[in-house]
Structures are given as structure tokens and as C-alpha cells.
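generate coordinates for the sequence data below:
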Amino acid sequence: MKKNLCISGLGQISATGQGIKNLQKHLEGNFLPEVNFKKIKTVAGEQQVPGLLTPEVTIPSFIPDAVARRMSRLSRMCFAAVDEALTDCFSEAPRTAERMGLVVGSAYGSLDLANSFGERVQLDGIGAASPSLFASSVQNSIASHLSITFNIQGPASTIMTVEQTTMAAFRQAYDWIQEDIVDHVIVVIGDEISEYHSYFMAHAESDGSLNFKSDICTAMMGEGAVCFIISNLACTAKSYAEITDIRLADEMGEIPARASKNLIASYGQKNQYSQYQKYLGLELKLESHLRLYGSVLMGGAFEVLFAALLMKTDQVDRACYQLTSHGLMQSIYLK
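Numbering: from 1, shown residues only. I've put the predicted structure just below:
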């Protein structure tokens, strides 16, 4: 028997600050987060690269200092988002259920720490290998630390499928609940600004306008983490939106073709507006919250978050997250 699923808890950290309230404050007041700059060395000399960085992350106080010191920036963001979402979903102790799983999604993971580990070994030999850097360079380490810290007793998975990460993470959670393995799944999706991103953006010839209605490169690097608690609707008292289906198709689904509002998660690459015209048509109303989180491949996770908030306040009664990749239309339907 097919189970009804819902989004029962939310958490986030982005350039708007830490927590859903900070995000809503920027959204409702139409505030723009501060643009920061990172120094990057190139063959043409040192450059200042603009980006939307998260503020200093406040992680849960019960995490030991020895553990906190060794966390990557991405790990700290994920811990903060998960802590908020669990508090949002489970208002009374215990904050986690026995039948709960975990999915951690990221396009790139903790690249800076992984590169630091490899650089030390390359330059100084195997004797210079740092156990702490090695642990942080393992892509599944965030899921391991989250499972131990929050006493998550169900399955844990790490998904890194670049722009498809959001869709794949939701699909994993959907399948686990439908197969009756768990009743709830923590889905946390995030990325951090790394030296790789900074170097890439220093050569991207972008004007940094974050304008998705353009065929020139308008990307500005960003970072953040979004957490969803996805639950069997029968096992939770709280729901932002019901997840009615997740499917693959060879063409656009019916919802975007009749939608009054389309929220666009845009990376800001060249020729993007022509692509939107091709898939969405010229008459549709296009909006984006790109200005709040920057150009990130996990931007779809932020737009699903905004859709859930809009549905909770009855501003929309249905939503659909879609991704076109390799000739297939992947869709998450919400109501």
C-alpha cells in the first residue's frame, strides 16, 4: 500500500543567516544579503572574487569541542541545519525517532580539506598525512558524524550526483519510507565555497548580477545547507507539504505548463535564458530567490524549501520541483 509522505521539518543556513526566520526576514523585507569577497591567486595576479558566504555557523552546544574543531565548514552547516529541522519537527524530547534514516547530499563535498590532505602527502610524504584531514576528506564522514551525534538508528547514505543531488536525495528518502524501512528521513543538502569554486569564478567572465533572465554568465558563487525532515504522513503531527509523487518522464509534466508561478534555481551559466524559454515558454511568470543563496548546484533544494514555506502559509496549493537532465524530466510533486 502506497504511503503518503510529507515535509515535516525545515532548517537552513545561507548568506541570509542561520535559521528559517532569517531567511523569511530577507524574503519578506526584500533584503539582500551582504556580498563578501575571497582572495584568489591566479596567473594574472591576485583577484577579489565576490560571493554569498554564510555567517559563522553556530553548531549545537552538546557537540564536544574536540569534535567541533575538526569539522569542515560544510559539516558545520549541515549540523546546524539538521539541528534546526529536528527541533522544528519534534517539539518534544526525544527529538529523533527510532525508525529514522539520513541522506546527506552535496555536489562537491568538503573540497578544501580533501585537497589539504592530498597536498600534505604530495609535498611532505606519507608521514605528513593528517588523520583529522583524512577523516574530513572522506565524503561519508558527515553522515557518520550526524548519525552518531543525533542517535539516528536507521540507514544512512551520502549522495553526490552534482546537479542531480537534490532529486536523488529526495528519491532515496521516498523509497525508504515506501519500502517501510523507516518512518522519517533527514535529508540535508549543502555545499561550501572552496578554492576550486573561487578559482573557477575568477575565470568565469561573470558580471555577478545573479540575473537568471540573461544569456551571458551572471553567476556569483554561494554556499549553504538546507535540511528537510521527510515523514510518513501517518507518523507525524506536522506537515508543510505532502509529497504526492516522484517520477521520471520524457517530457514536461502537467503542473509547470499550467502554473501561475515558476521558481527558478539558476546557476547563471551562459545561454540559460534561452534554455528556460525552450522548456518553460515565454508567457510564464518566472521568479527566483537566487539573490539569497547565490549560484549553487544545490539551488533546487533552496527552491523546494521556498515552495514548502509558501504552501504552509497557503500562498500556493501545489508545487512541483523539476530537473531536466540527460533527456529525462525528473519531478517531485507537492500539494
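
OK, contacts around residue 317?
The contact partners of residue 317, by C-beta atoms under 8 Å, 6 or more residues apart in numbering, come to 311, 335. (Glycine included, C-beta is placed from N, CA and C.)

max-length helix in the chain?
helix 73-89 (DSSP state H).

same question for it: list its buried residues.
Buried residues in helix 73-89, defined by neighbour count with 16 or more other C-beta atoms under 10 Å: 73-86, 88-89.

what about that helix, average pLDDT?
Throughout helix 73-89, pLDDT has a mean value of 94.

next one: stretch 238-257
Stretch 238-257 shows a mean pLDDT of 73 in the predicted model.

check stretch 179-194 too.
Stretch 179-194 shows a mean pLDDT of 95.

ok so, going back, then the longest helix of the chain to CSV, C-alphas only?
Written as CSV, here are the backbone C-alpha positions of helix 73-89 (Å, rounded to 0.1, in the frame of the first residue of the first chain):
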residue,chain,number,x,y,z
ARG,A,73,32.8,24.3,7.0
LEU,A,74,30.2,22.1,5.2
SER,A,75,29.9,19.8,8.1
ARG,A,76,29.2,22.7,10.5
MET,A,77,26.5,24.0,8.1
CYS,A,78,24.9,20.5,7.9
PHE,A,79,24.9,20.1,11.7
ALA,A,80,23.2,23.5,12.2
ALA,A,81,20.5,22.8,9.5
VAL,A,82,19.8,19.3,10.9
ASP,A,83,19.5,20.6,14.5
GLU,A,84,17.0,23.2,13.4
ALA,A,85,14.9,20.8,11.3
LEU,A,86,14.7,18.2,14.1
THR,A,87,13.7,20.9,16.6
ASP,A,88,11.1,22.1,14.1
CYS,A,89,9.7,18.6,13.5
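
remind me what it packs against, helices and strands.
Helices and strands touching helix 73-89, by 3 or more C-beta pairs under 8 Å, 6 or more residues apart in numbering; DSSP states H and E, are strand 5-14, helix 141-149, strand 184-191, strand 224-232.

just say helix, strand or coil for the closest residue to residue 163 other than its chain neighbours.
Nearest residue to residue 163, sequence neighbours excluded (C-beta to C-beta, 6 or more residues apart in numbering): residue 297, at 4.8 Å. Look at residue 297: counting by DSSP: H, G, I helix; E, B strand; the rest coil, its state is coil.

just checking, residue 297 touches residue 269?
No: under the criterion of C-beta atoms under 8 Å, residue 297 makes no contact with residue 269, lying 10.6 Å away.

what about these two, which has more around it?
For residue 297 versus residue 269, neighbours defined as other C-beta atoms under 10 Å are more numerous around residue 297 (19 against 15).

tell me which residues touch that one, please.
Counting by C-beta under 8 Å, 6+ apart, residue 297 touches 107, 108, 162, 163, 165, 191, 267.

figure out how far stretch 11-22 is from the centre of its chain.
Averaged C-alpha coordinates place stretch 11-22 at 12 Å from its chain's average position (C-alpha atoms, centre = their mean, to the nearest Å).
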